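Trainee: Model the structure of this input:
(chains A, B, C and D)
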Protein chains: 4
Amino acid sequence: MIEFNPLEWEIINSAPFQRLRRIKQLAWTDYVYPGASHTRFEHSLGVCHTATRLFEGIATKDADLLRTEHGFDEAGLKRQKQIIRLAALTHDLGHGPLSHAAEESFPVNEETGKRFVHEQYSAAAVKYKLADIIENHPINKNNYGIKFSDISSMFEGSADVGKSIVWKDIIAGQMDADRMDYLLRDSYHTGVTYGRYDLDRVVNTVCLCDDEDGFGHVIGVEDDGIHAVEGLLIARYMMFTQVYFHKTRVIYDHHYAEAASHVLEKHGGTFPSPNEGEIEEYLKWDDWRMLSEIASESSNASCSAICSRDHHRLIFNTPEVPGLEDLEKFDEVKAKLDDLDIVIRDAKKSWYKFQREEIRLREPFGRGVRSVPLATRSPVVNGLQTVNQRRIYVAQNERAEALHRLGAA
Amino acid sequence: MIEFNPLEWEIINSAPFQRLRRIKQLAWTDYVYPGASHTRFEHSLGVCHTATRLFEGIATKDADLLRTEHGFDEAGLKRQKQIIRLAALTHDLGHGPLSHAAEESFPVNEETGKRFVHEQYSAAAVKYKLADIIENHPINKNNYGIKFSDISSMFEGSADVGKSIVWKDIIAGQMDADRMDYLLRDSYHTGVTYGRYDLDRVVNTVCLCDDEDGFGHVIGVEDDGIHAVEGLLIARYMMFTQVYFHKTRVIYDHHYAEAASHVLEKHGGTFPSPNEGEIEEYLKWDDWRMLSEIASESSNASCSAICSRDHHRLIFNTPEVPGLEDLEKFDEVKAKLDDLDIVIRDAKKSWYKFQREEIRLREPFGRGVRSVPLATRSPVVNGLQTVNQRRIYVAQNERAEALHRLGAA
Amino acid sequence: MIEFNPLEWEIINSAPFQRLRRIKQLAWTDYVYPGASHTRFEHSLGVCHTATRLFEGIATKDADLLRTEHGFDEAGLKRQKQIIRLAALTHDLGHGPLSHAAEESFPVNEETGKRFVHEQYSAAAVKYKLADIIENHPINKNNYGIKFSDISSMFEGSADVGKSIVWKDIIAGQMDADRMDYLLRDSYHTGVTYGRYDLDRVVNTVCLCDDEDGFGHVIGVEDDGIHAVEGLLIARYMMFTQVYFHKTRVIYDHHYAEAASHVLEKHGGTFPSPNEGEIEEYLKWDDWRMLSEIASESSNASCSAICSRDHHRLIFNTPEVPGLEDLEKFDEVKAKLDDLDIVIRDAKKSWYKFQREEIRLREPFGRGVRSVPLATRSPVVNGLQTVNQRRIYVAQNERAEALHRLGAA
Amino acid sequence: MIEFNPLEWEIINSAPFQRLRRIKQLAWTDYVYPGASHTRFEHSLGVCHTATRLFEGIATKDADLLRTEHGFDEAGLKRQKQIIRLAALTHDLGHGPLSHAAEESFPVNEETGKRFVHEQYSAAAVKYKLADIIENHPINKNNYGIKFSDISSMFEGSADVGKSIVWKDIIAGQMDADRMDYLLRDSYHTGVTYGRYDLDRVVNTVCLCDDEDGFGHVIGVEDDGIHAVEGLLIARYMMFTQVYFHKTRVIYDHHYAEAASHVLEKHGGTFPSPNEGEIEEYLKWDDWRMLSEIASESSNASCSAICSRDHHRLIFNTPEVPGLEDLEKFDEVKAKLDDLDIVIRDAKKSWYKFQREEIRLREPFGRGVRSVPLATRSPVVNGLQTVNQRRIYVAQNERAEALHRLGAA
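Mentor: Predicted coordinates for the structure are as follows:
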């Protein structure tokens, strides 16, 4: 049972949070797995729950270390837990219509020259829409004194968060609560069993590990949690190859990006920016509004493709881990079809970050403990290569022609 | 694994069927159980699957009876199966935005003086939008000669369907495929376990039973399926009391009916009628459109209550099976609050229809079999009384006053 | 995750407790449901866990009541919890080979003129084999001062335990931890889904209720737990009719009672008594020993029937809730077969004890609460009649003759 | 639902098959996971079911290939299916008490100079105890003419079975029905979730693949089953590391081998041989008999260790995938403890056989198909290294001394 305090209930009942009921977690995945109509609303509640479990696992097991090396007393830990819970609840507030697919229409940040990312919108929602609730609620004011930026810095990649803040790994890292929740949740609602892993075991073995340099700490697992973590990584690999990179889902992301771009032409060309003046306007965009607008633009090819389910068809793909000859074959096929209405999509994903960012394992060593990178102990993790599948889709009405050309080969 | 033939795929890919992706199965239930965002799209596929299993259970077990008494040969059974599958797929096409809650804004049928019901819209969708696909598809034309009315008469209460057509029970009856699917599906997506029952066992024991008069047949179960059917009825009882009649869900149905009525004022006061001229217009209404319109009517009290989750609060209710004193108490409370902004909702439901409509059981008798009403064999079914809970809700801003009045009692 | 303290681990590692690994929970049920080979060992661990959850549910929710009316301070509750856990662990220690089926060969208690029951053997095992461990373990000695009789009186029906000891209901009552564990566990290992119910909800709503007279307390549930308790009762009804009273299981209980009686002829005619001199000898009996002895007695008809799976066959039964004519028919059939080698078995069970022993419900009443019997609020419970099925089995080699006689009827 | 024909029921009801009820599937695993008391009886039924599903998957999908290249017509396939089902049912008949742990006490085959293996006992049980039932049952005699050796050659490594007999892979191979059943079953009864994988998907994608040389066929999967097979291999890896090689289970296997050897001294030193004269005697050994005998030998150290759960304790182990320094450390520790009562156990297992025996994948290639080794397409499989964990256990009463010596290091 998940419980929330009055401050958290105010966040949950706020308009920016209720908006998440109208953002489907998996965008077009229900075109393939019909049950996948769950939203970022329940996901965000779930991340809060899982983040709390991870926090409590560490706080219980490594209370001494936290006190002696990080200066956390009981009150400090309570405050930290509240920060983590609020960060978990709010980390997805900034997602656009259909989640990640919207990001291609985010405006460019003039300071960096790169597009904004959804975490920056989440941070803006916290700053401009929720800071007042958070900072002035008696629970916080009387006990913790948490500032809005304590929360948003947990998921925003701000430079001033030193590595000493181990807690950030709970919200964004290779074994964060976000991932732990969505793998299980997406597995449940799609009905595919690939996303299951032993969450209870992860929670029971999560701990502080020495970081690579041996001066600080990162979040890792005890050595008897190794197979639970392997299970988590395998679940991720399986869900990507089976669900998130499903051939039909992927092409709808493409059609959607084009359609959203077309719709936004009437609204300035991109979504509003994550600043004080525009965040309110941005948050008015949700799945329902965007899809209604797309539905009314039937003369646009991309909008029409979506509404009549007339998507481009897969005509060729390499294996997930292609060899050289597969890539050559791909280029050859592409050359033959290049003048047709084709779309190329790469399903590129590295499953695991080695070296500095790797998950660490705490194991007994002599009379004490030491920490080692997971890959040195796990035959499975060692084998996780980057998936790098390349695909060519062709418009329905040119499919026969494309097949003809390839058949003639 | 569910498989569909090319005719069925055409139905599934048609606009009226794809529209079901935008009608949530359980309306406001995700306000209480966040995972309940599944739609009538996947439900309709599921009903088709379950109806097929029921049909095949009977056709295998009672092949002799079907041949000798009902004149079904193998080809006839194949045709019948296709009718049942198409009826199962299309039976929910006519649902309005948020399903049942829409029915209060359906227009009145001038012929009968009563409001239309959603089955009549389903029938109209079949007749005016799908008849061409169905009647002219080679699979049907070359083999079965099914007319659109063969399908719609399975779920529409048309007078000319004699009781000889036992198959209708599979689509609409006390143990129909609709109910069997939604109980399991709603249980899964809400996460409450109350809707589980042993579907495999029902499918393995479903059979033809003599009807009450002994001249015709109805669909029932063999005696060793009695506990599976009890399980089905208990599941229904549990889901109604725990989910479908949940106090918060129920008050949102009320606010929605008011809000929808307000929205429809701009469109003629009611939804379009299920006739040739208006069915196209009707089908343009879905959850997304209605909820967008409600969202833009923030000056209306009901629309506003929905958008800001500011629903009326439950201030008093009787037990589910109230005694006389409970009903008197209810009247007393109601009298005290009558001038406030209150809403009364009755959660009235009889769980089981006794006598003529009762589920029948086929049991060994001497060297043959006989059929008896389920209630004569099941202690559980016998006890299923009508739930008749009465509730009073009061507007948020008058809740303190209402409590004061009741406390003063 | 279930955790045990060092005292509990000593109990678990003791010979009387390890013996439970060799007592199958469901006797012959694996002849019908092959997976049902689980033992009283894991069940006893599970009861300890569930009893703890029930205790903590009450102790948290009704801490005030326990302090003001029952005089329990924090230390008192800790002691009580330890008593309950030890009682839960040890309550099944006295079961004989194949559990309940052994009881027909228990000796007669000369004081009462009735056969001993397995709870008296459990009490004897605690008194003569575990008292030393319990009473002298530092955890107990330094903190609680629990005597062995504090434990055994929880499950033994001793007269001096007044109704003030509400806790006894957790170990033996209409909603005790024993039942809650075995329904779920048996459901899991048989693979039938009928035994499922919402244990979490029961744990969250269990509470102290006024007893019938209004002077004392009994353990019951809050009104919003009503459907969870209904679920528990339904689960029990379903498991009895589907598993525990399965026709094949029941006849093996009969053959076993005869076979055990035959085996025991060599050992004095009955099992040893639950007294200091004989309890050691009694505990040497387990499934393995008894079944080995039966296997070596192939000249005895009952032993042979078991070893070669040549059990009597069901030739006639009434419905589970028979009418008068069914009972008359039964007598008629019985008369026709009376000179054959037949066995009569009644599957009689009342599902629910009404009136004084009934489960009570705590509901809001005015500004306070009151408690009412469950049956006044639950349509389902009200309908739970006694199952009273009568069955006639006949020896394999006389089955043809029996069928002939009945066919001639 | 699993169904059996009358011939199969005769096999199931025979004494050698019923004996499997008394051989636990996982030997001592219930000392670690208490629910793991399931037996080879239900496993054998399950293998029959899964083997049938695999067979039907191939027979349906590759009917053409089977007809044109292997000469199977419909009747031939029916006969083959019966052979496979009988082989699946009987393949474990020869297991000794506590399954694999018994094999250390099997006699030496004079012809080969090596110990017999359990498959040879299974073959002997089929030949000497079941051949008559099989060969003379009307179902077989009138339709198939199956000889007992057609069955036993499916699981016995007889030389005359050429690789042309692709079906053998269903009973014994890298993706056989045995493994597919036990992974799911052991996962269920231990309660650990690691053994789950998508069996339905494997069944839907299993097919005939060209073997390595391109002249014959082996059983493999279509390319869209790749992740299901990966899941199967991962499940195997997980179950071995978490369950089958569990540190406590492993040491009990050692104690048992010693204890069984001691018990057998009275019976000639080894189990009887798998020949006509001794197979009857061999089959009298089951878990119950062996454990009773062990229980009565309390003066033997190994027997006593088992009965009083006084097993040797793990004092040191390397990681599962040890590095060179780990192995050196192991040798160092071993040298320090060598004069104590220690036991060394290696948990060595290669997860996957590469090259000639590798699972093959059938993928589209141009207008046709080709087959490739799984490892060329799967990043996960490629990483599956041999687990090679080394462990040192020490007797309870020398544990303190051992710790002292290591601490002094």
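
Trainee: Can you name the residues that contact A:Glu230?
Mentor: A:378, A:380-381, D:238 (CB atoms under 8 Å, 6 or more residues apart in numbering or on different chains). Bear in mind the C-beta positions are built from the backbone N, C-alpha and C, glycine included.

Trainee: Repeat the analysis, applying 6 Å as the threshold.
Mentor: In this structure, A:Glu230 makes contact with A:378, A:380, judged by CB atoms under 6 Å, 6 or more residues apart in numbering or on different chains.

Trainee: Next one: it from chain C, what distance?
Mentor: Distance from A:Glu230 to chain C, counting by CB to the nearest CB, to the nearest Å: 21 Å.

Trainee: And that residue, how close does it get to D:Ala235?
Mentor: 12 Å (CB to CB, to the nearest Å).

Trainee: Also A:Gln25?
Mentor: Counting by CB to CB, the gap from A:Gln25 to D:Ala235 is 27 Å.

Trainee: The two - which one has more neighbours?
Mentor: Using other CB atoms under 10 Å in any protein chain shown, the more surrounded residue of A:Gln25 and D:Ala235 is A:Gln25, with 26 against 22.

Trainee: tell me the pLDDT at that one?
Mentor: pLDDT, A:Gln25: 95.

Trainee: Report the contact partners of it.
Mentor: Contacts of A:Gln25 by CB under 6 Å, 6+ apart are A:38-40, A:43.

Trainee: ok, so of these, who is nearest D:Asn204?
Mentor: A:His38 (26.1 Å; CB to CB).

Trainee: Just give the number of residues close to that closest one.
Mentor: A:His38 has 26 nearby residues by other CB under 10 Å.

Trainee: neighbours around A:Lys61, how many?
Mentor: A:Lys61 has 17 nearby residues by other CB under 10 Å.

Trainee: Setting aside sequence neighbours, what's the nearest residue to it?
Mentor: Spatial nearest neighbour of A:Lys61, excluding adjacent residues (CB to CB, 6 or more residues apart in numbering or on different chains): A:Cys207 at 5.4 Å.

Trainee: Tell me how far A:Arg115 lies from D:Asn397.
Mentor: 69 Å.

Trainee: who's more crowded, those two?
Mentor: A:Arg115 (14 against 10).

Trainee: Count the neighbours of A:Asp211 for me.
Mentor: 17.

Trainee: got a list of what it touches?
Mentor: A:Asp211 neighbours (CB under 6 Å, 6+ apart): A:Val218.

Trainee: just to revisit the earlier point, could you list every residue that touches the residue nearest to A:Lys61?
Mentor: So A:Cys207 contacts A:61-62, A:222, A:362 (CB under 6 Å, 6+ apart).

Trainee: What's the ChimeraX syntax to select whichever of those are buried?
Mentor: Selection of buried members from the contacts of A:Cys207 for ChimeraX, criterion 16 or more other CB atoms under 10 Å in any protein chain shown:
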select /A:61,62,222,362
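
Trainee: For chain C, what's its nearest residue on the stretch 201-350 of chain A.
Mentor: A:Asn204 (7.1 Å; CB to the nearest CB).

Trainee: again but with the stretch 251-400 of chain A, I slipped
Mentor: A:Arg362 (19.8 Å).

Trainee: Okay, buried residues for the strand or helix carrying that residue please.
Mentor: Per DSSP states H and E, A:Arg362 falls inside strand A:360-365. Neighbour-count burial for strand A:360-365 flags A:360-363 (criterion: 16+ other CB under 10 Å).

Trainee: again with stretch A:242-253
Mentor: Going by 16+ other CB under 10 Å, stretch A:242-253 has these buried residues: A:242-246, A:248-253.

Trainee: go on, stretch A:296-313?
Mentor: Buried-residue list, stretch A:296-313, by 16+ other CB under 10 Å: A:297, A:300-307, A:311-313.

Trainee: Excluding sequence neighbours, find me the nearest residue to A:Leu374.
Mentor: A:Ile359 (4.4 Å).

Trainee: is it true that the one you found touches A:Gln174?
Mentor: Yes - using CB atoms under 6 Å, A:Ile359 makes contact with A:Gln174 at a distance of 5.2 Å.

Trainee: Which residue of these two possesses the greater neighbour count?
Mentor: More crowded of A:Ile359 and A:Gln174, by other CB under 10 Å: A:Ile359, with 26 against 21.

Trainee: Quick check on the more buried one: phi, psi?
Mentor: Dihedral angles of A:Ile359 (phi, psi; degrees, to the nearest 10) stand at phi -60, psi 140.

Trainee: List the contacts of it.
Mentor: A:174-175, A:220, A:374.

Trainee: Would you mind measuring from it to B:Leu283?
Mentor: 51 Å.

Trainee: do A:Ile151 as well
Mentor: 45 Å.

Trainee: Ok, A:Leu406 next?
Mentor: Using CB to CB, one gets 40 Å for the distance from A:Leu406 to B:Leu283.

Trainee: tell me the mean pLDDT over stretch A:75-92?
Mentor: 96.

Trainee: Ok, stretch A:282-299 next?
Mentor: Rounded mean pLDDT across stretch A:282-299 is 90.

Trainee: same thing with stretch A:57-64?
Mentor: For stretch A:57-64, the per-residue pLDDT averages 93.

Trainee: Just the CA coordinates for it, please, in PDB.
Mentor: Extracted in PDB, the C-alpha atoms of stretch A:57-64 (Å, rounded to 0.1, in the frame of the first residue of the first chain):
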ATOM      1  CA  GLY A  57      17.000  -0.100   2.000                       C
ATOM      2  CA  ILE A  58      20.100   2.000   2.100                       C
ATOM      3  CA  ALA A  59      19.200   4.100   5.100                       C
ATOM      4  CA  THR A  60      18.700   0.900   7.200                       C
ATOM      5  CA  LYS A  61      21.600  -1.100   6.000                       C
ATOM      6  CA  ASP A  62      24.200   1.700   5.800                       C
ATOM      7  CA  ALA A  63      23.100   3.900   8.700                       C
ATOM      8  CA  ASP A  64      26.500   4.000  10.200                       C
END
